[in-house]
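Trainee: From the sequence below, what's the structure:
(2 chains)
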2 protein chains.
Amino acid sequence: MADGQSPAVRIVAFDVFGTVVDWHGSIAREVDALGLGVDAAGFARAWRAGYRPAMARVMAGELGWTRIDDLHRMILDDVLVEFGVTGLDEAGRRDLNRAWHRLDPWPDSVEGLTRIKTRHTICTLSNGNLGLLANMAKRAALPWDCILSAEVFRAYKPDPSTYLGVADVFDVSPGEVMLAAAHQDDLDAARECGLQTAYVERRDEFGADRPKDVSPDPANAVHAKDIVDLAKQLGC
Amino acid sequence: MADGQSPAVRIVAFDVFGTVVDWHGSIAREVDALGLGVDAAGFARAWRAGYRPAMARVMAGELGWTRIDDLHRMILDDVLVEFGVTGLDEAGRRDLNRAWHRLDPWPDSVEGLTRIKTRHTICTLSNGNLGLLANMAKRAALPWDCILSAEVFRAYKPDPSTYLGVADVFDVSPGEVMLAAAHQDDLDAARECGLQTAYVERRDEFGADRPKDVSPDPANAVHAKDIVDLAKQLGC
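Mentor: Numbers count the residues shown, from 1 in each chain, chains lettered A, B, ... in the order given. Take a look at the predicted model:
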């Protein structure tokens, strides 16, 4: 838990892909269902691996402001070539790209968020675009008080304007915001901006056969096994 | 109802002040409770009357981008002078300004929104800032799928970029978005952008003793007595 010096947490902002929803399992399942004859789990990982380089091109000014929906589509077209898939037409590609709107939550996410919401304002802080996050929340019953996105701040995480933007939107100090994420680099960047941080273990983010290192980092105020555990540690 | 040529409505975007919440009654009640010895209803109307001129100054470039919270505060300081109130200190002013985050919904709003949400995506399209709208929704249990605001589009209604922005966020055509509002000028501007429109009667928006003209305008696809009636007319 946070030390005695930290201000009370008023806003808990959540990273979404990997932290709240299982992108790997969900994408692999949709790819598998298409019967393209590819390694669906590998395809999901390759698609996701294109995400950071694509955002880096936007942040470097090489591409204008671009929504994740459009970056996902650019990457998809490349990954289809890489995996030698030729039988997916425009409508099929468009629908597969929307699979990112249909990601399933981890089994603890809805219960944990619902509990945390009783005592705090809960919001997303995701590089996903607003429409993607709203469609996902509606389908998966994620009970956000507010959906915040890179699209609002016109910058992707880990740009400081995203973390500080959450505090600004709610007119609170950065220390009254806690970022919850399954990625230490995201939390490191948030902490540098003065936010409190909570690490959420998602050992299977890249698949059960590729367990992730989920060792605690003492720099985080909270280390939680999942979002229900985070709720408990926040006293909710 | 919409004529046979109109596309199916996928997103219902709501004006908030006056349409979903009773700003007049809520603000008057808070002002009255402070015991400032002023006509509380008149104070509420004067405060609200400063809103459009203040937004016009921003849109004309005379002021930089300014959140409604800050415009409300500028207007409040003027209205306090106008009403001869000298006994409200900085903390009191700050708290009174937050009364706009604590507006009560009309009696039909939560039920109506909950019903519409079963078949459509429901969002705000308000000049209120994101934090204000999120705090209001949390307190009043308004079940938005997504909170959209002038703050996202960096323009106030009736700027076309706000109405078209809703369609853009959800990647739908303007005709698949319906704006619901208690103000014909807001609806007129939305219709010019290709949105479908629903008028919601709020005869008492300015107080029960100052009934508003709520005559139907045939240009609107729907004319509803309240949000429950809107739900019924949308088949929800």
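
Trainee: Other residues contacting whichever helix in chain A runs longest?
Mentor: When chain A is parsed with DSSP state H, its longest helix is helix A:68-82. Identification of contacts with helix A:68-82 by Cβ atoms under 8 Å, 6 or more residues apart in numbering or on different chains yields A:43, A:46-47, A:50-51, A:54-55, A:58, A:86, A:88, A:93-94, A:96-97, A:100, A:127-129, A:131-132, A:150, B:171. For the C-beta atoms, the positions are set from N, CA and C on the backbone; glycine is no exception.

Trainee: Next SSE downstream of that helix?
Mentor: helix A:90-97 (DSSP states H and E).

Trainee: residues contacting A:W65?
Mentor: By Cβ under 8 Å, 6+ apart, the contact set of A:W65 is A:58, A:154.

Trainee: One more pass at 10 Å, please.
Mentor: With contact set as Cβ atoms under 10 Å, 6 or more residues apart in numbering or on different chains, A:W65 has these partners: A:58-59, A:150-151, A:154-156.

Trainee: Just list what the helix or strand bottoming out on mean pLDDT in chain A packs against, helices and strands only.
Mentor: Of all helical and strand segments in chain A, the minimum by mean pLDDT, DSSP states H and E falls on helix A:51-59, at a mean of 92. Judged by 3 or more Cβ pairs under 10 Å, 6 or more residues apart in numbering or on different chains; DSSP states H and E, helix A:51-59 is in contact with helix A:68-82.

Trainee: mean confidence score for the helix it packs on?
Mentor: The pLDDT scores in helix A:68-82 average 97.

Trainee: Would you confirm that A:R115 contacts A:S109?
Mentor: No - counting by Cβ atoms under 10 Å, A:S109 is not a contact partner of A:R115; they are 11.0 Å apart.

Trainee: joint contacts of these two?
Mentor: By the contact definition Cβ under 10 Å, 6+ apart, A:R115 and A:S109 are jointly contacted by A:227-228.

Trainee: Of these two, which one has the most company?
Mentor: The neighbour comparison of A:R115 against A:S109 (other Cβ atoms under 10 Å in any protein chain shown) goes to A:S109, with 24 against 19.

Trainee: and the more buried one, what does it touch?
Mentor: For A:S109, the contact set (Cβ under 10 Å, 6+ apart) comprises A:14, A:16, A:19-22, A:140-143, A:200, A:226-228.

Trainee: picking up where we left off before, mind listing what's buried along the least confident helix or strand of chain A?
Mentor: Buried residues in helix A:51-59, counted by 16 or more other Cβ atoms under 10 Å in any protein chain shown: A:51, A:54-55, A:58.

Trainee: quick one: which of the residues you listed is nearest chain B?
Mentor: Nearest to chain B among those is A:V58, at 17.5 Å by Cβ to the nearest Cβ.

Trainee: Please name the residues that touch the closest one.
Mentor: Residues near A:V58 by Cβ under 10 Å, 6+ apart: A:64-68, A:70-71, A:150, A:154-156.

Trainee: Reformat the contacts of A:W65 as TSV; add secondary structure and distance to A:Q184.
Mentor: Below are the contacts of A:W65 laid out as TSV (DSSP: H, G, I helix; E, B strand; the rest coil; distance: Cβ to Cβ, whole Å):
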residue	secondary structure	distance to A:Q184
A:V58	helix	23
A:M59	helix	20
A:A150	helix	19
A:E151	helix	24
A:R154	coil	25
A:A155	coil	20
A:Y156	coil	17
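
Trainee: Narrow these to those that are buried.
Mentor: Using 16+ other Cβ under 10 Å, the buried ones in the contacts of A:W65 are A:58, A:150-151, A:155-156.

Trainee: So A:W100 sits against A:L132, correct?
Mentor: Yes - using Cβ under 10 Å, A:W100 makes contact with A:L132 at a distance of 6.0 Å.

Trainee: And these two? Which one has more around it.
Mentor: With neighbours defined as other Cβ under 10 Å, A:W100 and A:L132 compare such that A:L132 has more, 28 against 25.

Trainee: Go ahead and confirm the more buried one touches A:R67.
Mentor: Yes - shown here, A:L132 and A:R67 form a contact pair, counting by Cβ under 10 Å, at 7.9 Å.

Trainee: Alright, I will stop here.
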